[in-house]
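Engineer: My questions are about this predicted structure, shown below with the sequence.
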There are 2 protein chains.
Amino acid sequence: MNRQKLIEEIKSKNSFLCVGLDTDLEKIPKHFLDFDDPIYEFNKAVIDATKDQCVAYKPNIAFYECHGSKGWDSLKKTMDYIPDNIFTIADAKRGDIGNTSSYYAKTFFHYLNFDSVTVAPYMGEDSVTPFLEFDDKWVILLALTSNKGAMDFQLFEQDGKKLFEEVLTKSQNWGTPSNLMYVVGATRSEMIQEVRELAEDHFFLVPGVGAQGGSLEDVWTYGKNDDIGLLVNSSRGIIYAGEDEDCQIQIHKAAETIQSQMKTLLST
Amino acid sequence: MNRQKLIEEIKSKNSFLCVGLDTDLEKIPKHFLDFDDPIYEFNKAVIDATKDQCVAYKPNIAFYECHGSKGWDSLKKTMDYIPDNIFTIADAKRGDIGNTSSYYAKTFFHYLNFDSVTVAPYMGEDSVTPFLEFDDKWVILLALTSNKGAMDFQLFEQDGKKLFEEVLTKSQNWGTPSNLMYVVGATRSEMIQEVRELAEDHFFLVPGVGAQGGSLEDVWTYGKNDDIGLLVNSSRGIIYAGEDEDCQIQIHKAAETIQSQMKTLLST
């Protein structure tokens, strides 16, 4: 999906919500376990209940990989089920030497047909650019993450410039606002403004709203740009909103609650 | 595999060679393509031809993942075929928030039964420690990689300390020389000594010897410790040594050539 189409979807749905499909067999309602492929059946139920409220789905690959080839099949079937007008993010946090990164890119962009993949920056340019060579496909590069460990290295500072700032500025030589986004955690809302100043036109994928404690209003206030420029993710708060056979109703309500907050923010 | 057993294997085989199983359908001898599972059949041939010369195998997960669930099956069968006395490394470069990293850990340590997994440090402590909670399993943390892009962020410097040095010192609070190794690229041989001074007792996984231009003698001179402390990887230089039906002979010779150099170094 290209940038213009993504922006149109956000405006037409009044939503910049991304639903994280971190599907965990220990957490999904028990009745799904009766199916041959519980992960796919649960994802289908989540997609049916949220597809009009969100503009993106983000399966975290760890939750599929841990089931081996069966998990990869569940992921592939899930990707085939997601409507074409919804942006898809492989939350994979990959990154390797150039030749190897190009194989990861083929996996997510060709085999699974994702629109984007999250990439870790530690190995530098040649680990990232192989993902940038596909039309209408995106890298979402880790900049400032939402977890406690983000403090360990991302704030490392050279001549007044922090590592995540170096990642933001250097990587803008590799990609453009049309194929490069950044992960910017909502739990550091005081820093989102700083990130926005360094990457004015790029979209941010913002995890950490909801279960991890970040505020949607703060993300909007400090993070938006002229093209909205935000995809805000919620995983557990939506997909595990219900425990029983009527879970789709709670899942739908949870997504709708966030989407209506987003609609209000978008109308301001 | 625990540290003592790994050291015993190195001493008994006179080898600290790791063979990288970066199995690429476009590069393996053509006759393997006649099999139902060419990747597995090729890996079996490589393992049969090298298992007495090496102490470790390192499949890079990208080369399996790009074939989807079929690739994961090839990887699982390969893991089942590797003899128990050989250390196994999932070159996966994973790392995510704690809950997610624990799923990646289960994937590689339980489902696939690897001894170790390579992990990227960018997200800090809680992205790494979930991998350290398994008996006789290892994290191999990226410190100083062998690619050009290593220069982009790994040499970022705060108060005279480079980022890879911060990774080396900080991570020693998370793991021990019995469950934590480091990736240290051979293409930076002038810096291996510096890394060794910061992590005296830890094993290093050293890529970049051979195809990428690093020197085995330099790695030995600057990188060894009292327990040898080195696993030196070669991938393309060994597994693609032969093009025809007799490729096992060339693969065996390529591994033997490196192993005999290692034997000489070990005897000094």
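Structural biologist: All right, it came through fine.
Engineer: any idea where the helices of chain A begin and end?
Structural biologist: A:3-13, A:38-50, A:62-65, A:68-81, A:98-105, A:125-128, A:150-153, A:163-171, A:189-198, A:216-223, A:236-239, A:247-267 (DSSP state H).
Engineer: Which secondary structure elements does the third one sit against?
Structural biologist: Under the contact criterion of 3 or more C-beta pairs under 8 Å, 6 or more residues apart in numbering or on different chains; DSSP states H and E, the helices and strands touching helix A:62-65 comprise helix A:68-81, helix B:98-105. (Each C-beta comes from the backbone N, C-alpha and C, glycine too.)
Engineer: Contacts for it, please.
Structural biologist: Contact partners of helix A:62-65, identified using C-beta atoms under 8 Å, 6 or more residues apart in numbering or on different chains, comprise A:21-24, A:39, A:71-72, A:74-75, B:94, B:96, B:100-101, B:103-104, B:107.
Engineer: Identify, from the residues you listed, the entry nearest to B:Leu33.
Structural biologist: Taking C-beta to C-beta as the measure, A:Trp72 is the one of those closest to B:Leu33, at 22.1 Å.
Engineer: Just the C-alpha atoms of stretch A:95-111, please, in CSV.
Structural biologist: Output in CSV follows, covering the C-alpha atoms of stretch A:95-111 (Å, rounded to 0.1, in the frame of the first residue of the first chain):
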residue,chain,number,x,y,z
GLY,A,95,17.9,-7.2,10.5
ASP,A,96,21.0,-9.0,9.2
ILE,A,97,23.8,-8.6,6.7
GLY,A,98,22.6,-7.5,3.3
ASN,A,99,22.3,-10.8,1.5
THR,A,100,20.3,-12.2,4.5
SER,A,101,18.1,-9.2,5.0
SER,A,102,17.0,-9.6,1.3
TYR,A,103,15.8,-13.1,2.2
TYR,A,104,13.8,-11.8,5.1
ALA,A,105,12.4,-9.1,2.8
LYS,A,106,11.2,-11.7,0.4
THR,A,107,9.6,-13.7,3.2
PHE,A,108,7.5,-10.9,4.4
PHE,A,109,6.8,-8.9,1.2
HIS,A,110,6.5,-11.7,-1.3
TYR,A,111,5.6,-15.0,0.5
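Engineer: what about the residue lying farthest from the centre of chain A, distance to chain B?
Structural biologist: Distance from the C-alpha centroid of chain A peaks at A:Asp159, with 31.5 Å (C-alpha atoms, centre = their mean). Per C-beta to the nearest C-beta, to the nearest Å, A:Asp159 is found 9 Å from chain B.
Engineer: what's the spacing between that residue and A:Glu166?
Structural biologist: 10 Å (C-beta to C-beta, to the nearest Å).
Engineer: thinking again about what came up before, how much space separates the residue farthest from the centre of chain A from B:Lys161?
Structural biologist: 14 Å.
Engineer: nearest to B:Met79, of the helices and strands packed on helix A:62-65?
Structural biologist: With C-beta to C-beta, the closest approach to B:Met79 among the helices and strands packed on helix A:62-65 belongs to helix A:68-81: 10.8 Å.
Engineer: Pull up the residues of the stretch 151-268 of chain A that are close to chain B.
Structural biologist: Within the stretch 151-268 of chain A, the positions near chain B by C-beta under 8 Å from any C-beta of the partner chain are A:151-154, A:156-158, A:163, A:166-167, A:170.
Engineer: how near is A:Ala143 to chain B?
Structural biologist: Relative to chain B, and taking C-beta to the nearest C-beta, A:Ala143 is found at 10 Å.
Engineer: residues in contact with the residue nearest to A:Lys13 when sequence neighbours are not counted?
Structural biologist: Spatial nearest neighbour of A:Lys13, excluding adjacent residues (C-beta to C-beta, 6 or more residues apart in numbering or on different chains): A:Val55 at 5.8 Å. By C-beta under 8 Å, 6+ apart, the contact list for A:Val55 reads A:6, A:9-10, A:13, A:15-18, A:86-87, A:231.
Engineer: ok, so of the residues you listed, who is nearest A:Leu144?
Structural biologist: Nearest member of these to A:Leu144, counting by C-beta to C-beta, is A:Leu231, at 15.2 Å.
Engineer: What is the burial count for the closest one?
Structural biologist: 25 (other C-beta atoms under 10 Å in any protein chain shown).
Engineer: show me what contacts it?
Structural biologist: A:16-18, A:55-56, A:87, A:89, A:181, A:203-206.
Engineer: pLDDT at it, what is it?
Structural biologist: A:Leu231 is assigned 98 on the pLDDT scale.
Engineer: what sits opposite it in the beta ladder?
Structural biologist: With DSSP bridges as the criterion, A:Leu231 is bridged to A:Leu205.
Engineer: hmm, back to that, do you know the pLDDT at the residue farthest from the centre of chain A?
Structural biologist: At A:Asp159, pLDDT is 95.
Engineer: Ramachandran angles for it?
Structural biologist: Torsion angles at A:Asp159 (phi, psi; degrees, to the nearest 10) stand at phi 50, psi 50.
Engineer: Check the spacing between it and A:Asp36 real quick.
Structural biologist: Taken as C-beta to C-beta, the span from A:Asp159 to A:Asp36 is 57 Å.
Engineer: count of residues packed around the nearest residue to A:His252 once chain neighbours are set aside?
Structural biologist: Nearest residue to A:His252, sequence neighbours excluded (C-beta to C-beta, 6+ apart): A:Ala49, at 4.2 Å. A:Ala49 has 24 neighbours, counted by other C-beta under 10 Å.
Engineer: Any stretches of chain A with poor pLDDT?
Structural biologist: Low-confidence segments of chain A (pLDDT under 70): A:211-213.
Engineer: list the contacts for the residue in the stretch 151-268 of chain A that chain B sits nearest to?
Structural biologist: Nearest to chain B in the stretch 151-268 of chain A, going by C-beta to the nearest C-beta, is A:Asp152, at a distance of 3.2 Å. Taking C-beta under 8 Å, 6+ apart, we find A:Asp152 in contact with B:121, B:124-125, B:170.
Engineer: Also near chain A: which of the residues you listed, exactly?
Structural biologist: Residues of these in contact with chain A (C-beta under 8 Å from any C-beta): B:121, B:124-125, B:170.
Engineer: Highest neighbour count among the residues you listed?
Structural biologist: Neighbour counts for those were taken using other C-beta under 10 Å; the highest belongs to B:Pro121, with 28 neighbours.
Engineer: Assess the claim that that residue and A:Tyr122 are in contact.
Structural biologist: Yes. Between B:Pro121 and A:Tyr122 there is a contact under C-beta atoms under 8 Å: 6.3 Å.
Engineer: So what's the residue count around A:Pro130?
Structural biologist: By the criterion of other C-beta under 10 Å, A:Pro130 has 22 neighbours.
Engineer: same deal with A:Leu6?
Structural biologist: Applying other C-beta under 10 Å, we find 26 residues neighbouring A:Leu6.
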